[in-house]
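Undergrad: All I have is the shape, not the residue letters:
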């Protein structure tokens, strides 16, 4: 979709089919329009690793909540991961372990920046329990596409990255 019209890109983000690097006439205007969509957050390029980590923590929290609700709805006498009590079944333990890994990745993102770890709640991307789309304006083309493709690959369809660059020959 590189070189697509902004309205086509906005429509693709709404449909959940857009991810990658896109060249548009006015990346800032498109980013502002996209950020108005549900489950879309605009982030600065230097904040991208931390924003990806925050999105993954938020989604891991959703998984823990879902696993707990599933266990609460289990019929009485259903087998439970050695006579464990409520919230101690294998699904909950696996979800909590995943959450701890994501929280560690969040802390690592700040350690790599050599900055103190801020409160995660201020970094939670917009949205709720569905996929999250992060939009970044890359006016100076400094974002390494390969590195960010690797970062987002671990999130699967749960975290999408849209990098907006000015079209060749435009100032952005």
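TA: Structure's in. What do you need? Predicted model only: the values in this text are computed from it and were never measured.

Undergrad: Would you check that residue 12 makes contact with residue 18?
TA: Yes. Applying Cβ atoms under 8 Å as the test, residue 12 and residue 18 come out as touching, 3.7 Å apart. (Each C-beta comes from the backbone N, C-alpha and C, glycine too.)

Undergrad: check contacts around residue 24.
TA: Residues near residue 24 by Cβ atoms under 8 Å, 6 or more residues apart in numbering: 4, 6, 9, 30, 164, 165, 166, 167.

Undergrad: Is the closest residue to the last one other than its chain neighbours bridged to anything, and to what?
TA: Nearest in space to residue 167, with sequence neighbours left out and distances taken as Cβ to Cβ, 6 or more residues apart in numbering, is residue 23 at 4.6 Å. Residues in a beta bridge with residue 23, per DSSP bridges, are residue 165.

Undergrad: give me the number of residues near residue 23?
TA: By other Cβ atoms under 10 Å, the residues close to residue 23 number 19.

Undergrad: That one and residue 166 touch, don't they?
TA: Yes. With contact defined as Cβ under 8 Å, residue 23 counts as touching residue 166 (6.9 Å).

Undergrad: Where is the longest helix in the chain?
TA: helix 48-72 (DSSP state H).

Undergrad: Pretty sure residue 42 sits in a strand.
TA: Yes. Membership of residue 42 in a strand is supported by DSSP: H, G, I helix; E, B strand; the rest coil.

Undergrad: how far away is the residue nearest to residue 167 from residue 65?
TA: The gap separating residue 23 from residue 65 is 39 Å, by Cβ to Cβ, to the nearest Å.

Undergrad: What of residue 72?
TA: For residue 72, the distance to residue 65 - Cβ to Cβ - is 11 Å.

Undergrad: Pick out whichever of these two has more residues nearby.
TA: residue 65 (13 against 9).
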